[in-house]
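In: Show me how the following folds:
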Amino acid sequence: MTARTPAQRRSIAMALPPLPDADAALIGRFLDAIWAENGLAQPTLDSYRRDLELLARYRSDRKAGLADADRAALFDYLAWRSQQGYSPRSNARLLSALRAFYAWLVRRGERTDDPTALLDPPKLPRSLPKALAESQIEALLAAPDIATSLGLRDRAMLELMYAAGLRVSELVNLPATAVNLRQGALRVMGKGSKERLVPLGEEAQHWLERYIAQSRPQLAGKRALAPLFLSANGEAPTRQQFWQLVKKYAAVAGIDPDRISPHGLRHSFATHLLNHGADLRALQMLLGHSSLSTTQIYTLVAREQLKQLHAKHHPRG
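Out: The predicted structure is shown next:
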């Protein structure tokens, strides 16, 4: 069965009973505890909440509770999700939530066993990040109309994301105090509240200076606003709004929308650095990856591009 769309998944969830109050309270206590213990980012906490609430509603439909599920019950639930078209990646994320939840119950003495102990994560297809060619990046960066306040803001956002390799959430949540133009550096709060310093580069610094001097005062008016990047209403743009902007400018630049993703500029940043001889450890620090294995996937992207180049231009390719 093909993977379900978000709308289809919401339809499946609506057919289940409401979330029992006792399970809602238990999930709330668990999320508070792991936030205090591990400092998980809000998007991770939100996904854990959604996954646990759906399991609790599924269990309620079978006259059972969330806390007392055994291994067989979790196997049944995973089988049900597969039948409903949930993707392997979605089920892998669910398993992370379940392991954290039942381990927390064991630590609290509310269970003596962990029903997730012998559950294996689903095998995920290895998908390489989609990186744009350097010429495509140049066209994308030049797409905004810098004669307008919002166009100048968009140019600065695109330049900064590509220059610093930021995640979309990191970009839209930057406070104005994160930028040090004198030192040419950016202080970024990444996943797990881990802070890193990233150099800006001359082009990104140039467009940031123009945005801060010309565009941001017009968008802020007389208000003292914390976000670095502002919408017309004075709020920070959302991740979804920025993604719509990227799609719009990709169309202006003549780039196939299927060739770009929400993190397309970040992936291009990493791939282009490697193509120009960057050290993998340095790239790991710039991207804010906790593990080098996460960064190494970009070496596969660079290698694949070299293979394509060889096949296209070598006489015996």
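
In: Low-confidence bits of the chain, can you list those?
Out: Under the criterion pLDDT under 70, the flagged ranges of the chain are 1-10, 13, 121-129, 262, 278-280, 282-286, 288-317.

In: domain parsing for it?
Out: The chain is divided into the following domains under automatic domain parsing: 6-107, 134-313.

In: could I get those domains as TSV with distance to Pro115 and mean neighbour count?
Out: Heads up, the C-betas are built off the backbone N, CA and C, glycines and all. Listed next are the domains of the chain as TSV, based on distance: least, Cβ to Cβ, whole Å; neighbours: other Cβ atoms under 10 Å:
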stretch	distance to Pro115	mean neighbour count
domain 6-107	5	16
domain 134-313	26	17
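
In: and these as a markdown table, adding distance to Asp120?
Out: Below are these laid out as a markdown table (distance: least, Cβ to Cβ, whole Å):
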| stretch | distance to Asp120 |
| --- | --- |
| domain 6-107 | 9 |
| domain 134-313 | 19 |
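
In: right, and the secondary structure at Val246 would be what?
Out: Three-state call for Val246 (DSSP: H, G, I helix; E, B strand; the rest coil): helix.

In: How about it, nearest residue that isn't a chain neighbour?
Out: Leaving aside its sequence neighbours, Val246 sits nearest to Ile260 (Cβ to Cβ, 6 or more residues apart in numbering; 6.5 Å).

In: Need the phi and psi values for that neighbour.
Out: phi -130, psi 150 (degrees, to the nearest 10).

In: Tell me who's in contact with it.
Out: Neighbour list for Ile260: 130, 132, 246-247, 250 [criterion: Cβ atoms under 8 Å, 6 or more residues apart in numbering].

In: Quick check: it vs Arg153, distance?
Out: Separation of Ile260 from Arg153 (Cβ to Cβ, to the nearest Å): 20 Å.

In: Check Glu170 too.
Out: 17 Å.

In: And Leu140, by the same measure?
Out: Taking Cβ to Cβ, one finds Leu140 at 15 Å from Arg153.

In: Fine by me, we can end here.
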